[in-house]
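In: from the sequence below, what's the structure:
(one chain, ligands or ions: 1)
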Amino acid sequence: MQVFGLLGNPVEHSLSPPMHEAAYEALGLDARYVTFEPAPDAAADAVESAATLGIAGLNVTIPFKQDVLDAVDPDDVARRVGAVNTIDFSGATPKGYNTDVAGVERALTHHDVVIEGRDAVVVGAGGAGRGAAFALADAGASVHIANRTVERAESLAADVPGATAGGLDTLDRVAEADLLVNATSVGMEPDEDETPVPAEHLHPGLAVLDAVYSPIETRLLREAASAGATTVDGAWMLLFQGVEAFEQWTGRDAPVDAMNEALRAQLD
Ligand code: NAP
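Out: Next up, the predicted model:
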């Protein structure tokens with residue numbers, strides 16, 4: 001039996017175990033997905049222990065995504081983003097990936113949203129904003145990062161090819177943009193009556209991905225749909241980072257529908 005898992009603290013409410021176990025069941029794989037919650041300063045030790053114990057793969061979440069960088073051999077994307085969310089132990093040294101980046105790109109393309117050559121606004125410059133900005137720039141979009149703390153947006157933009165940065169007063173750029181990603185926590189329960197982007201900037205030519213998945217239908221997505229925009233909820237982003245990790249570990253196409261069903265059953 002192969003053992004996969006999630007390294008984080010806390011991990012109690014993670015949606016990943018049922019999503020991955022649904023994939024194993026759908027494909028008849030002899031595998032389990034379990035959670036590990038080491039002390040906040042024990043990320044590197046945990047990775048070493050996992051390798052010793054013969055664990056096949058780990059996802060990594062808050063607060064360890066940066067800490068494990070030095071404990072693995074990161075691929076180009078993980079190195080540029082500065083965060084690892086997936087570790088593959090099948091080689092001589094643990095290899096680190098960042099499937100959050102592919103998760104953003106695949107969530108959008110799954111909904112037939114074209115990224116290449118488009119103007120994108122990412123609101124937020126934390127972990128999710130970083131992944132989204134790299135995903136969109138790598139897929140050929142021109143990226144503007146708008147963040148409450150302007151310095152944080154500027155620091156991220158300096159790392160992302162061609163990106164520009166500003167404060168929330170630059171959100172009027174959404175009115176001329178093709179793509180919008182909300183990578184802030186604004187709109188998340190229990191503050192679901194809030195929105196990160198004024199409705200007046202939303203328009204029919206826009207595709208909106210909201211990283212927030214609790215609730216699944218945020219005020220931003222509701223107002224975007226009312227404005228005629230294409231909407232993609234945060235569960236798609238969460239799904240496709242898991243799909244990408246599964247495919248990295250197993251070399252097989254993931255059973256996307258089974259994983260999506262398991263994920264949404266929990267969110268419902
Ligand atoms: P983070 O690193 O803590 O960053 C939080 C971001 O939200 C920062 O840009 C912060 O701005 C901004 N922000 C917070 N409160 C704000 C407010 N009242 N007004 C304006 N901006 C505000 O968090 P994260 O890990 O990036 O997560 C952000 C959201 O994405 C969360 O809701 C999380 O659940 C979601 N997420 C979803 C997925 C998925 O797969 N769907 C994956 C990761 C995260 P400052 O820099 O000014 O503080």
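In: what's the closest non-adjacent residue to the residue of the chain found nearest the ligand?
Out: The minimum distance from the chain to the ligand, using Cβ to the nearest ligand atom, falls at Gly126 (2.0 Å). Where you see a C-beta, it was placed from the backbone N, CA and C, and this is true even at glycine. Nearest non-adjacent residue to Gly126, counting by Cβ to Cβ, 6 or more residues apart in numbering: Ala183, 6.9 Å away.
In: residue contacts, the one you found?
Out: The contact partners of Ala183, by Cβ atoms under 8 Å, 6 or more residues apart in numbering, come to 122-126, 128-129, 131-132, 211.
In: what's the mean pLDDT across the biggest helix by length in the chain?
Out: Ranked by residue count, the top helix of the chain under DSSP state H comes out as helix 234-250. Mean pLDDT, helix 234-250: 98.
In: return the set of buried residues in it.
Out: 234-250 (16 or more other Cβ atoms under 10 Å).
In: now swap in stretch 77-93 and tell me
Out: Quick answer for stretch 77-93 (16+ other Cβ under 10 Å): 77-78, 80-81, 83-89.
In: how about stretch 180-192?
Out: So, applying 16+ other Cβ under 10 Å, buried residues of stretch 180-192: 180-184, 186-188.
In: and Asp257, what element?
Out: According to DSSP states H and E, Asp257 maps onto helix 256-267.
In: got the angle for that helix vs helix 234-250?
Out: Calculated by axes from the mean of the first three to the mean of the last three Cα atoms, to 10 degrees, helix 256-267 forms an angle of 130 degrees with helix 234-250.
In: list the contacts of the residue nearest the centre of the chain.
Out: A centroid search over the chain (Cα atoms, centre = their mean) returns Asp100, at 3.5 Å, as the residue closest to the centre. Residues in contact with Asp100 (Cβ under 8 Å, 6+ apart) are 81, 83, 85, 127-128, 131, 135, 237, 241.
In: also Thr250?
Out: Thr250 touches Leu29, counting by Cβ under 8 Å, 6+ apart.
In: next, count neighbours for Phe36.
Out: Applying other Cβ atoms under 10 Å, we find 17 residues neighbouring Phe36.
In: pretty sure it contacts Leu7?
Out: Yes - taking Cβ atoms under 8 Å as the definition, Phe36 is a contact partner of Leu7 at 5.2 Å.
In: spit out the residues that contact the two alike.
Out: In contact with both Phe36 and Leu7: 46, 50, 58, using Cβ under 8 Å, 6+ apart.
In: the first one and Phe36, how far apart?
Out: Counting by Cβ to Cβ, to the nearest Å, the separation of Ala46 from Phe36 is 6 Å.
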